[in-house]
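A.B. asks: Got a sequence here, can you model it:
(2 chains, ligands or ions: 1)
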Amino acid sequence: MCVGVPAKVVKKMEFSAVVDVMGSQTTVGTIFVPELELGDYVIVHAGQAMSIVDETYAKESVEEWRKLVDARNSETV
Amino acid sequence: MQEILKQSNNPEICKPLVEAVIEKAKEFEEKFGRKPAFMEVCGSHTMSLARTGVKPCLVDHVNLISGPGCPVCVTDQKSIDAMIALAEGENRIICTFGDMMRVPGSTKTLLDSKIAGKDIRVLYAPVEAVRVAEENPDKEVIFLGIGFETTIPILTLMIGEAEKRGIKNFSIWMTTKLVEPVLRYLLDAGEVNLDGFLLPGHVSIVLGEDSYKYLVDEYHISGVITGFQTAELLSGIYKLIDLALKKEAAIVNNHPSVVSKTGNLVIHGWLDKYLTECDEAWRGIGIIPNSGLDLKPEYDQYNAKKRFTVEIGEPRKTKCRCGEVIRGLIKPNECSLFGKACHPMNPIGPCMVSAEGSCAAHYQYMRESF
Ligand code: SF4
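C.D. replies: Down below sits the predicted model:
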């Protein structure tokens, strides 16, 4: 599994979940993220979900990059 | 989310980000008369920086130094030899991460032992080792427990699972490492001049943003917690240069979508329950006090070091300079064996074997630049 690529939870069991990452599905342990819900994205390490991705923050990061890029573009126009 | 992921590797975003970083780095060089120097602490960062092309793109402008974050690479030779010797015992099944198989011991590798008929299994998900033990009650199943804070919790999970299922033939050979003691070691030793740290996204999931305060409070040095995609790496480096330019020290969480202030508290609970600090030997450094975690005495039955003894001699001396590579003192191509006697098909040291090793990253992605 690629480093740092979030995996989407497509099926949730008691202490595990089926996740999809770039089209391939695998079962991971979820004991470290008890608040996990179906449809969440998780970061997986060695077969365990370690953290749930907060999409709001992820979107903010993209906006931050865009701002930096736009600022550069307007400087060079 | 897929769209966000796409953006983090989108050339339309990443190319201008590279330019922005280079511009900032030039500003730094004009001001201070040298390139800014940052250490990536994590082996996965080393590989990502090389694979995404970020490191080659910035090679003339930013000094990105690989640090002690590849777990296989920092494991000292005696420990490697001990793990290989462990596999020689009768009636054992050794379970391990794939990276360990080809790490050269003083006389052989685990792969050599496997070819010679020893039962050594590579597992992607370590908890599988508990199932292996359950299915093989007449054998001792030993997991080689190397890793940093991201992997250590998974070892505790295995103990929890073995306890729950009443499995008695399972144990872990613990040689874990912690980030804070080795960063303190590097800063105290003062061998390498740094303007900041690119802090590991994965380890920080466990540790949390607040755990790095000592860098600012005690060493007045910055750290930016960063993910592994191209734009994440670039924006992390940009923020580090910006702080260094302003001569400010701060911890910045550049990976807030997965790293919280406190870290994963559920994981902290697992670590507290099973583990206690211990001294650990690091390759090229020696013992750093309280730089690892071992099982608490009440879990001795799962502690392979308490259950099995191995006899090993003094490690064979080679010209491998992994010890200096992981301390950031030399770049891989400064080792006289790099690309000659030592290459991925014939690794002399762990840094050329591991998927997170600096020498392997340099060999795969950086060779055209020297
Ligand atoms: S190139 Fe090979 S021998 Fe040299 S430091 Fe790296 S792993 Fe060791």
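
A.B. asks: element containing the residue lying closest to residue B:109 once chain neighbours are set aside, please.
C.D. replies: Leaving out its chain neighbours, the residue that sits closest to residue B:109 by Cβ to Cβ, 6 or more residues apart in numbering or on different chains is residue B:102, at 5.4 Å. For glycine as for every other residue, the C-beta is placed from the backbone atoms N, C-alpha and C. Using DSSP states H and E, residue B:102 sits in no helix or strand.

A.B. asks: same deal with residue B:317?
C.D. replies: Using DSSP H and E, residue B:317 falls within no helix or strand.

A.B. asks: Same question for residue B:45.
C.D. replies: helix B:43-51.

A.B. asks: Check residue B:243 too.
C.D. replies: In this structure, residue B:243 sits in helix B:230-245 according to DSSP H and E.

A.B. asks: quick one: average confidence on that helix?
C.D. replies: Mean per-residue pLDDT for helix B:230-245: 96.

A.B. asks: does that helix come close to chain A?
C.D. replies: Yes - for helix B:230-245, a contact with chain A is found by Cβ under 8 Å from any Cβ of the partner chain, at B:231-232, B:235, B:238.

A.B. asks: Let me see the contact set for the residue nearest to residue B:109.
C.D. replies: Residue B:102 sits next to B:109-111, B:347, B:353 when contact means Cβ atoms under 8 Å, 6 or more residues apart in numbering or on different chains.

A.B. asks: Neighbour-wise, which one of the residues of helix B:230-245 next to chain A leads?
C.D. replies: Neighbour counts for these (other Cβ atoms under 10 Å in any protein chain shown) peak at residue B:235, which has 27 neighbours.

A.B. asks: Verify the contact between that residue and residue A:61 for me.
C.D. replies: Yes - using Cβ atoms under 8 Å, residue B:235 makes contact with residue A:61 at a distance of 7.4 Å.

A.B. asks: list residues touching both of the two?
C.D. replies: residue B:254.

A.B. asks: What about residue B:318, how many residues nearby?
C.D. replies: The burial count for residue B:318: 15, using other Cβ under 10 Å.

A.B. asks: who's in contact with residue B:100?
C.D. replies: Residue B:100 makes contacts with B:72, B:83, B:110, B:144, B:146, as judged by Cβ under 8 Å, 6+ apart.

A.B. asks: Please read off the pLDDT at it from the model.
C.D. replies: Model confidence at residue B:100 (pLDDT) stands at 91.

A.B. asks: Do a quick rundown of the strands in chain A.
C.D. replies: A:7-12, A:16-21, A:24-29, A:41-45, A:48-52 (DSSP state E).

A.B. asks: circling back: CA atoms only: put the very next helix or strand once past the helix holding residue B:45 into PDB for me.
C.D. replies: Using DSSP H and E, the helix or strand that follows helix B:43-51 towards the C-terminus is helix B:54-58. Taking Å, rounded to 0.1, in the frame of the first residue of the first chain, the C-alpha atoms of helix B:54-58 are listed here in PDB:
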ATOM      1  CA  VAL B  54      11.400  16.800  -5.100                       C
ATOM      2  CA  LYS B  55      14.900  16.100  -3.800                       C
ATOM      3  CA  PRO B  56      16.500  16.000  -7.300                       C
ATOM      4  CA  CYS B  57      14.700  19.300  -8.300                       C
ATOM      5  CA  LEU B  58      15.900  21.100  -5.200                       C
END
